[in-house]
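what's the 3D shape of this:
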Amino acid sequence: MKQLFSSCVIAFSTYSRIPMPQVEWNEKNMRHTLAFFPLVGAAVGLIFWLVDVIGYQLGLGMVLRSALLTAVPVVVTGGIHLDGYCDTVDALASHASREKKLEILKDPHCGAFAVIRLCSYFAAYLALCACVDFTPRVGLCWTLALVLERALSGLAVASFPMAKNTGLAHTFA
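Just a heads-up that it's a prediction; the model follows:
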């Protein structure tokens with residue numbers, strides 16, 4: 001039971017900025033980390049719902065509420081997935097060899113293609129949040145989507161071949 005608790009804490013420590021107790025990061029404790037990754041989606045969904053409800057109660061307009069909702073996943077997760085998204089966009093847009101793409105993935109700089117795609121992503125997310133009436137049922141569906149996307153992501157890490165034999169994904173796989 002202690003190992004499962006440690007795996008859950010490691011999942012939240014890795015994929016969110018939600019404060020967690022300190023646990024030892026060893027192979028035994030990290031074994032089931034990906035199984036708890038969907039719970040991070042549930043936490044993001046809960047915070048998303050709370051921000052929407054509080055924003056509505058405060059009388060915030062739809063544009064401001066939508067902007068806050070767009071920021072929630074980035075603030076809660078620390079943007080860990082956006083960094084990987086930017087690196088991937090830059091690597092794929094390079095149309096270079098596999099080796100060059102792997103170099104681009106390691107480069108800490110953000111390229112023009114990543115900036116363009118990130119701006120497009122945030123504009124689309126903002127528009128979606130502005131168009132959706134977040135009733136409790138919609139909020140539940142939204143949260144389930146956040147859980148499902150993380151479950152599928154964890155499954156992909158565990159099932160698909162790795163591009164390299166190092167890095168965080170390889171460690172958790």
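
And for Val138, the neighbour number?
Using other CB atoms under 10 Å, Val138 has 13 other residues around it. Using the backbone N, CA and C atoms, a C-beta is placed for each residue, glycine as well.

give me every residue that touches it.
Val138 makes contacts with Val132, as judged by CB atoms under 8 Å, 6 or more residues apart in numbering.

and the one helix or strand it maps to, C-alpha only, in CSV?
Per DSSP states H and E: Val138 is located in helix 136-159. Presented in CSV, the C-alpha positions along helix 136-159 are these (Å, rounded to 0.1, in the frame of the first residue of the first chain):
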residue,chain,number,x,y,z
PRO,A,136,-22.4,20.2,-13.9
ARG,A,137,-22.9,17.5,-16.6
VAL,A,138,-20.6,19.3,-19.0
GLY,A,139,-18.0,19.8,-16.3
LEU,A,140,-18.1,16.1,-15.5
CYS,A,141,-17.6,15.2,-19.2
TRP,A,142,-14.7,17.7,-19.4
THR,A,143,-13.1,16.1,-16.4
LEU,A,144,-13.6,12.6,-17.8
ALA,A,145,-11.9,13.8,-21.0
LEU,A,146,-8.9,15.1,-19.0
VAL,A,147,-8.8,11.7,-17.2
LEU,A,148,-9.1,9.7,-20.4
GLU,A,149,-6.4,11.7,-22.3
ARG,A,150,-4.0,11.0,-19.5
ALA,A,151,-4.9,7.4,-19.3
LEU,A,152,-4.3,7.0,-23.1
SER,A,153,-1.1,9.0,-22.8
GLY,A,154,0.1,6.6,-20.0
LEU,A,155,-0.9,3.6,-22.1
ALA,A,156,1.0,5.0,-25.1
VAL,A,157,4.2,5.5,-23.0
ALA,A,158,3.9,1.9,-21.6
SER,A,159,3.0,0.3,-25.0
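
Averaged pLDDT, it. What do you get?
Across helix 136-159, the average pLDDT comes to 91.

buried set for it?
By neighbour count with 16 or more other CB atoms under 10 Å, helix 136-159 contains the buried residues 139, 142-143, 146-147, 150-151, 153-154, 157.

Any regions of this protein where pLDDT drops low?
162-173 (pLDDT under 70).

residue ranges for the helices of it, please.
For the chain, the helices defined by DSSP state H occupy 2-15, 27-30, 33-57, 62-77, 80-94, 98-106, 112-131, 136-159, 168-172.

nearest to Pro21, of these?
Pro21 lies closest to helix 2-15 among those, at 6.1 Å (CB to CB).
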